[in-house]
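Trainee: quick check, what structure comes out for this input:
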Amino acid sequence: MNFDSLISQLRKNPLFRENISFWQEQAVRSSDYLPFPQWLNHKLVQSLHEMGIKGLYSHQSDAVNRIQNGQNVVVTTGTASGKSICYQLPILNQLLHDGQSTALLFFPTKALTYDQLKSFSNIILGTNLILDPNLAAVYDGDTPATQRSAIRQHSRILLTNPDMLNIGILPHHTNWAHFFEHLRYIVIDEIHLYRGVFGSHIGNLIRRLKRVCEFYNVTPQFIMTSATIANPIELAQNLVEDNVSQVEVDGSPKGAKSFIIYNPPLINQDLGIREGVLATSSKLSALILYHNVQTLVFCGTRRFVELLTRELKGVNPSLASTIRGYRSGYLKKDRREIEEGLKNGTIKLAVATNALELGVDIGGVDAVILAGYPGSICSLRQRIGRSGRSQNPSMSILVTSMNPLDQFFARNPQYLMERPLEQALINPNNPLILLPHIKSAAFELPFSEGEQFGSLKWDELVEYLDYLVSEGMLQHKKGKYYWLSDSYPSNDYSLRSTMADKVLIQYEHNDETETIGEVDYASALWMVHPGAVYLQDGLSFSVKTLDLEKNIATLSDHRSDFITEPIITQEIEPLEEIKQSQADYYLLHYGEIMVTSQVTAYRRIQNKSKEVLSIDSLELPAQKLQTTGFWMELNEKCVNKMRAESLWLSDANDYGKDWIKISESVRRRDHHRCQSCGRSDESSLLHVHHKIPFKCFTSVEKANEMDNLITLCPNCHKLAELNIRMRSALSGLKYLMSNLAPLLVLSEPSDLGSYADPNAKFANMNPVILIYDSIPAGIGLASSLNNRIQELLEKCQQLVHQCECQDGCPSCVGPVAEMGLGGKKETTYLVDLLINGGDLCLL
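Mentor: Coordinates of the predicted model:
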């Protein structure tokens, strides 16, 4: 079995082909080679020859020549195009010319850092630079204390990550004086990842780095690499706040590639239900494994990674040892073992989150499966680029989920292929991100009157400095601002998350305790709450306790066939309205809001049937988020128009004047006992439930007939309501808007939050749909959507009219409940009404 036989079988299989939305063949591309430049040191050329490198690809030659001429450069060629050579050669060439020169390289992950150390070491071996074992060294949180002093004294090529630069290098720059005095190059790898909160932190980190360099009278060049995005030069220049030139024409060879969009088959056409993305991905993975083709499967969440890993090991027991999961939270030694297994071929299939999207060297696999659209074209191309060894043929399959965005692409594949790439946005001047870095910068060096902090002018900077003086953190004396506090400011925040704390995940078995992973504090509340089922590497664990004082979650073996799902409540409080617009049927607001979220309970769900077994309460702390958002407030005219068409399902039920008498009769008939679990209770504590929902009837008398009523305890009533919950126009439109927002703004699923309320207290009890940045202070996503609301509504209208389901499905307005009350008709009417109701006018 081999790759060719796999492709042949897929082409001939009618069941596979009938679900293909798109199949694109990318032809073989030959390399564009150029000789080494004349200025390159002969020892370096000799070392490259010994490694089998006889010349440079055209983009590598272009990049090193620009760098040699003193330019700041960003290289944006494809995955596995040899971007590392573009900075390795200038650094090593300069070091051979001047043995005192230094270079600082930082990478977004530790895995990439160690990967690059190996790559540098391979080239160095062929030169006389190997005299000092610390010549090229990694300096991060895992570096032993016994080695740190020698690295500070002797290292010329320092590889680190932003976190260590923030906490361990810049605050102690005097210990690195010799290194900074001779700093020639700064390399920033994978800058496309530096967007949003992370990117805004990195922008401030680079401001601090440049400030320290200025103190040592050096102006190093910046060399950056990036995946293909719409605005690489803009992003690079926003990060380093200097001019940057782009190298983008890729001269590396590529083998033949197949890219397929596979839309799983419908299993219920009326309800629009398709086979699940995980089930489909599992079947395709098993087929590819059968052909002995090494495969990488990308999932959108850590939970999906574990579910799919467990499924694949279960159906392929003879290959279980060659199937592994890979995600954040695994211990370092386990991740390195998986990376090496992929590289040497002992691991045949890995299921991963975006943790393997980056350029860690795993050798290139033959096939990639994407279990759902990853959220951006940039990410899609990075994952596709993981397939293909040198010029060997490879394939990538995007398995579309029932998510509306996935189905939009399944029905409009040309939009995916022709769509302009997304822009990566940062806002280093976000006050919540900027202030901590001003503290750190003041700790590192005093601020002088009239100084700028990057592009932040003095008249803006001084407001922050004076605030810190008033808080007793700075002292203003003789034209300078000195750090006064005893605190160590860089320890007080995380570059990657608003929550710096980590929760250790510990597994107890055989009277022993083993740490098997970690998770950030905010995620711990919904991932490892007491009673949760936690999945890792295909294994199931039960969470016994979650100690939020010690930040430890304790796990035991889980043997029951159920999973858990958290229930999260939200409260919204507008803080300041910045902008308001009006159309015929709604008001559009934009402003600052406070979102309070709390995990209040969790569902136990039978794994195969998906039946909800129970709902159990939790007492966990609430999380507050101050951010920006926009909310659409439907007016009375809109609601009345829908009521007139019997399409407004968000009003409270009026069960009629005789309801108290009728409900008591039902309880007596049922002997004051829950007809589901048998619980007997006081009459006032038992509920009376409509088997067919009340809103399905035009007659109160018909709805309240005794045969349609049943006595249930409160808990069983909750479970029953889960199965027959009706989807209103409001919740249907919220579902569409939140899922299609990434068509207009570059965002991860976690970057935006949504909320709907038919009687919002903050909107005079009017119906509201709200979309907000799930990032403190916001980074502009909700603002951009607010300005493009008409375009977003048009995308919602297009999808809901295209969808072939009868009354709603996961691919349009959301899943249909058991009684078929999906709300598609109501949602379609509402979105048509809003679009045809005239243009927005600014108030």
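Trainee: ok, and for stretch 607-627, which residues are buried?
Mentor: Val612, Ser614, Ile615, Leu618, Leu620, Gln623, Leu625, Thr627 (16 or more other Cβ atoms under 10 Å). C-beta coordinates here come from the backbone N, C-alpha and C atoms, glycine included.
Trainee: with Ile273 as the reference, measure out to the first one.
Mentor: Okay, so that is Val612. The gap separating Val612 from Ile273 is 18 Å, by Cβ to Cβ, to the nearest Å.
Trainee: cool, the second one as well?
Mentor: Going from Ser614 to Ile273 by Cβ to Cβ gives 25 Å.
Trainee: list of residues touching stretch 633-650?
Mentor: The contact list for stretch 633-650 (Cβ atoms under 8 Å, 6 or more residues apart in numbering) reads 584-589, 651, 695, 698, 726, 728-730, 758-760, 763, 766-768, 823, 825-826, 829-830, 833-834, 837.
Trainee: would you mark the buried spots in that stretch?
Mentor: Glu633, Leu634, Asn635, Cys638, Val639, Lys641, Met642, Leu647, Trp648, Leu649, Ser650.
Trainee: so the fourth one sits in a strand?
Mentor: No - Cys638 sits outside any strand when classified using DSSP: H, G, I helix; E, B strand; the rest coil, being helix.
Trainee: just the pLDDT for it.
Mentor: Looking at Cys638, its pLDDT is 94.
Trainee: kindly report the same for the one 10 residues further on.
Mentor: Residue-level confidence at Trp648 comes out at 83, pLDDT.
Trainee: before we move on, what SS does it have?
Mentor: Here Trp648 is coil, with the state taken from three-state DSSP.
Trainee: just put the buried residues of stretch 633-650 in CSV and tack on distance to Ile605.
Mentor: Below are these laid out as CSV (distance: Cβ to Cβ, whole Å):
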residue, distance to Ile605
Glu633, 35
Leu634, 33
Asn635, 39
Cys638, 36
Val639, 35
Lys641, 39
Met642, 33
Leu647, 32
Trp648, 31
Leu649, 26
Ser650, 27
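Trainee: for those, which one is nearest Leu468?
Mentor: Using Cβ to Cβ, Glu633 comes nearest to Leu468 of the buried residues of stretch 633-650, at 39.5 Å.
Trainee: element containing the closest one, please.
Mentor: Element membership for Glu633 (DSSP states H and E) is strand 623-634.
Trainee: quick one, strands of the stretch 601-750 of the chain?
Mentor: Taking DSSP state E, counting those that start in this stretch to define them, one finds strands in the stretch 601-750 of the chain at 612-617, 623-634, 687-690, 709-712.
Trainee: partner strands of the second one and their direction?
Mentor: Paired strands of strand 623-634, with direction, are strand 586-606 (antiparallel), strand 766-773 (antiparallel) (DSSP bridges).
Trainee: who's in contact with the shortest one?
Mentor: This points to strand 766-773. Contacts of strand 766-773 (Cβ under 8 Å, 6+ apart): 572, 593, 595, 627-636, 639, 650, 730, 733-734, 737-738, 741, 751-760, 762, 778-782, 785.
Trainee: restricting to C-alpha, output it in CSV.
Mentor: Only the C-alpha atoms of strand 766-773 are listed here, as CSV (Å, rounded to 0.1, in the frame of the first residue of the first chain):
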residue,chain,number,x,y,z
ASN,A,766,-35.8,45.0,24.6
PRO,A,767,-34.4,42.0,22.6
VAL,A,768,-30.6,42.2,22.1
ILE,A,769,-27.9,40.4,20.2
LEU,A,770,-24.4,41.3,21.4
ILE,A,771,-21.0,40.4,20.0
TYR,A,772,-17.8,41.4,21.9
ASP,A,773,-14.1,41.0,22.0
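Trainee: could I get the average pLDDT for it?
Mentor: Averaging pLDDT along strand 766-773 yields 95.
Trainee: do stretch 600-613 as well
Mentor: In this model, stretch 600-613 carries a mean pLDDT of 82.
Trainee: please report the number of neighbouring residues for Val745.
Mentor: Per other Cβ atoms under 10 Å, the neighbour tally for Val745 reads 22.
Trainee: ok, now Ile267?
Mentor: Neighbourhood size, Ile267 [other Cβ under 10 Å]: 12.
Trainee: is it fair to say it lies in a strand?
Mentor: Yes - the assignment for Ile267 (three-state DSSP) places it in a strand.
Trainee: ok, now which ones touch it?
Mentor: Ile267 makes contact with Ile273, Arg274, Glu275 under the criterion Cβ under 8 Å, 6+ apart.
Trainee: ChimeraX command to pick out the buried ones of the contacts of strand 766-773?
Mentor: Buried subset of the contacts of strand 766-773, written as a ChimeraX selection, criterion 16+ other Cβ under 10 Å:
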select :572,593,595,627,628,629,630,631,632,633,634,635,639,650,730,733,734,737,738,741,751,752,753,754,755,756,757,758,760,762,778,779,780,781,782,785
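Trainee: understood, closing this out.
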